[in-house]
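**Q** Could you look at this predicted model? Sequence included:
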2 protein chains.
Amino acid sequence: MRSAVTMAEVAARAGVSVSTVSHVVNETRHVNAETRERVLKVIKETGYLPNRVASSLVTSETHLIGIVMSALTNRFFVPVVAAIDRAGRRRGYSSVLADSRDRVASEAEAVSMLLSRRVDGLVLAPSGGDRRAVLDKLVEEQVPTVLIDRFVDERFDQVGVENIESMAALVEHLAALGHSRIALVSGLRSIPTTAERIAGYELGLKRAGLPLDRRLVVSGRSAADPAESALTKLLRCKDAPTAVVSGNNYMTIGVLRALQKRSMRVPDDIAVVAYDDLEFADVFEPRLTVVAQPVAQIATKAVELLIRRMASKENTSSPSCIRFPGVFVHRESCGCALRDASLSPSAAVGAKRGGLRSHSVVPAV
Amino acid sequence: MRSAVTMAEVAARAGVSVSTVSHVVNETRHVNAETRERVLKVIKETGYLPNRVASSLVTSETHLIGIVMSALTNRFFVPVVAAIDRAGRRRGYSSVLADSRDRVASEAEAVSMLLSRRVDGLVLAPSGGDRRAVLDKLVEEQVPTVLIDRFVDERFDQVGVENIESMAALVEHLAALGHSRIALVSGLRSIPTTAERIAGYELGLKRAGLPLDRRLVVSGRSAADPAESALTKLLRCKDAPTAVVSGNNYMTIGVLRALQKRSMRVPDDIAVVAYDDLEFADVFEPRLTVVAQPVAQIATKAVELLIRRMASKENTSSPSCIRFPGVFVHRESCGCALRDASLSPSAAVGAKRGGLRSHSVVPAV
DNA sequence: ATGAAAGCGCTAACAT
DNA sequence: ATGTTAGCGCTTTCAT
């Protein structure tokens, strides 16, 4: 295995003390140009790489940020890593990962592991269920932590997307196109965002002066397959909806499959709009009108808040709670082009209300 | 900040020595049931969490695996993290990330950072360009390392996909359907896999007894936009191809866009097959026939090799070089259904040659 | 401008 | 069965 050169060896070869080597490496006090050059030369010759675990032990700073997520499926995973990497270029942070598997037990385990690695801070996408114990521990230990995606505890900085206005805008948009029977394929009841999105759906109906028909709200359980069967079932009823809103990206897949299998054309037979953009949304036929989460922005802000909190010795400032507006991406699946090409998306309404930004994509030729 | 209980404090409160505490924590030597219970009780009361940076300093094992990738775009990123996490559940490994941004300079920087964090091993997706310096350092320092995706240096364990037979099978499949003018949208010349896939394309033509027309091989530079324009340009020529093979997932997006913008229908106007599966390939219309990389399998094997190498003190065993066969996923974009529903995909040929596994997806209703 | 030395929190001989 | 103690490779006072 590696035998790694130590600082002591460098010191010996350069004929100086370890403290001098330490100071040239960290540029932490003045060293004669000549001595410094000598040390630097030895460092280069020997390929000396400072041992960060040793320095971490002394300084009790690892410059490690722990990321806890239902990792492999979580849309914030990659953007968060990216944001940390970007910040890290300058400040020396790196990320360590832990998959919570969206279960409280694993989440606790993951957090413990990260704490035992003495990470400087944590970005956590809270799992469903009762996570109180885990979060209490973090508060008690005063570990700088920012919650992302789901808003579950005001003792922490939290960053995520604004759900209510975004969802309302989607519904209002469909209503403006003349739809009155608008279905919602919603997510798991245990997820806080689900309730918000349902509230947004109801708000949208209300604003459009449309009655709420509970039968049009079906649970897709946040995943493709349940969404597919829920919608399929709904479409078999009489008084079937003429438009459907999907509650997240996975369920959108299910929605599209359901329609495909019934040979229903979008938007002619049924209009479709969705919460969350899909990576390849541009090449679907027809291209989907969605409200996208500004994931990169959210991730960047989360890391920014975290770094700020890690930097301040006084952990005094009260927690921020930041909700970025959803981004209305207007494409064709809503059926605007069919009805009235000049109709401006009702997204503008939401934009005025500050819950949404509008972003009209130029239709492909 | 955290004031973290130390082992010494636990020892004091339990009325034992630190070594006893250490041994109950690590289960590394026998401790009287009674004493152990007492220690465990104190640990629970105080919320003591062993300091892994301290123990790492002593044992010179961090149980950290460094992942170096052109991170955010790399398809192995998530599977590798997942595989490490899975292995980690049992053996205590976690992953630290470093984005190489696909540039040699950043790659070197990333590797240095990870080495200075004293990771136990490295999973590295080599960037393009001259990476010799970085790899030399790894050999010299004897850092357990496995290369993934691209085969560039025999001094390391390497895991990836078999490109030549996979690509050949795609071409042969199209040829078997009667196509004689088959285009290839290939990737960046600097990437080793590009050459292999071109070789596979040529092999496929040869086996099918088709002439090679160099004009049908255009460079999509491994990305969507260049692929789109390259194909668009090609389609404007006379003697345009009747079928096209996309060289990777990103370029597939470009290919589809190009066809869409020209209102060409797949597979009626032109047949399309692609290297790499897309996450949402099932909901594209028509669904794409592809050769998928068994990414999870590759990642798992990479981590397995790495852990094995980290475990053996003697770094003696010669490096493995493992190429998993691509997985032929037969869907509709190749146009089989149009020609002859009973035609078996020529994939079987490739399968016999051992470069490919076939996996016929049941068509959606 | 540089050095000596005391830890950081743990592990692992080596005692007893 | 348990305790003592010498480090692991650094940072950082405190001297000089």
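**A** Looks like it came in fine.
**Q** make it CA atoms for all contacts and neighbour counts henceforth
**A** OK.
**Q** residues contacting A:Gln103?
**A** Heads up, residue A:103 is Arg, not Gln. Residues near A:Arg103 by C-alpha atoms under 8 Å, 6 or more residues apart in numbering or on different chains: A:127-129.
**Q** Sort out for me which of those residues are in strands.
**A** Judged by DSSP state E, strands contain none of the contacts of A:Arg103.
**Q** burial measure for the residue of the stretch 1-150 of chain A at minimum distance from chain B, as a count.
**A** In the stretch 1-150 of chain A, the residue that lies nearest chain B is A:Val96 (4.6 Å; C-alpha to the nearest C-alpha). Neighbours of A:Val96 under the rule other C-alpha atoms under 10 Å in any protein chain shown: 22.
**Q** what about it, helix or strand, and which?
**A** strand A:94-99 (DSSP states H and E).
**Q** What is the subsequent helix or strand relative to that strand?
**A** Following strand A:94-99 in sequence order, the next helix or strand is helix A:104-116 (DSSP H and E).
**Q** What angle do strand B:94-99 and that next one make with each other?
**A** 70 degrees (axes from the mean of the first three to the mean of the last three C-alpha atoms, to 10 degrees).
**Q** and helix A:104-116, C-alpha only, in CSV?
**A** Below are the C-alpha coordinates for helix A:104-116, written out as CSV (Å, rounded to 0.1, in the frame of the first residue of the first chain):
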residue,chain,number,x,y,z
VAL,A,104,-36.5,6.8,8.7
ALA,A,105,-34.3,4.0,10.0
SER,A,106,-31.8,4.3,7.2
GLU,A,107,-31.9,8.0,7.4
ALA,A,108,-30.9,7.9,11.1
GLU,A,109,-28.2,5.4,10.2
ALA,A,110,-27.0,7.6,7.4
VAL,A,111,-26.9,10.7,9.5
SER,A,112,-25.0,8.9,12.3
MET,A,113,-22.4,7.7,9.8
LEU,A,114,-21.9,11.2,8.5
LEU,A,115,-21.6,12.7,12.0
SER,A,116,-19.1,10.0,13.0
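**Q** do that helix and DNA strand C meet?
**A** No - if you take C-alpha under 7 Å from any atom of the strand as the test, helix A:104-116 misses DNA strand C, and the best it gets is 8.3 Å.
**Q** and the contacts of A:Arg103, which are buried?
**A** Among those, the ones that count as buried by 16 or more other C-alpha atoms under 10 Å in any protein chain shown are A:127-128.
**Q** With distance to chain B and pLDDT added, can I get the contacts of A:Arg103 in TSV?
**A** Shown next, in TSV, are those (distance: C-alpha to the nearest C-alpha, whole Å; pLDDT from 0 to 100):
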residue	distance to chain B	pLDDT
A:Ser127	17	78
A:Gly128	20	72
A:Gly129	21	72
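**Q** which one of the contacts of A:Arg103 is nearest B:Arg155?
**A** Of all these, B:Arg155 sits closest to A:Ser127, with 42.3 Å by C-alpha to C-alpha.
**Q** quick one, what contacts the closest one?
**A** Taking C-alpha under 8 Å, 6+ apart, we find A:Ser127 in contact with A:69-70, A:100-104, A:107.
**Q** A:Ala227 and DNA strand D, how far apart?
**A** For A:Ala227, the distance to DNA strand D (C-alpha to the nearest atom of the strand, to the nearest Å) stands at 54 Å.
**Q** what do you get for A:Asn51?
**A** Noted for A:Asn51: a distance of 4 Å to DNA strand D, by C-alpha to the nearest atom of the strand.
**Q** nearest spatial neighbour of that residue, skipping sequence neighbours?
**A** Once flanking residues are discounted, A:Asn51 sits nearest to B:Ser116: 5.3 Å by C-alpha to C-alpha, 6 or more residues apart in numbering or on different chains.
**Q** For the one you found, report the pLDDT, please.
**A** Looking at B:Ser116, its pLDDT reads 97.
**Q** Does it touch A:Ser55 like I think?
**A** No - using C-alpha atoms under 8 Å, B:Ser116 is not in contact with A:Ser55; the gap is 10.4 Å.
**Q** ok, now which ones touch the residue positioned nearest the centre of chain A?
**A** Of all residues in chain A, the one closest to the mean position by C-alpha atoms, centre = their mean is A:Phe76, 3.1 Å from it. Residues in contact with A:Phe76 (C-alpha under 8 Å, 6+ apart) are A:149, A:295-296, A:299.
**Q** Which pair of the residues you listed spans the longest distance?
**A** A:Asp149 and A:Ala296 (11.9 Å).
**Q** between the two, who's got more neighbours?
**A** The neighbour comparison of A:Asp149 against A:Ala296 (other C-alpha under 10 Å) goes to A:Asp149, with 24 against 16.
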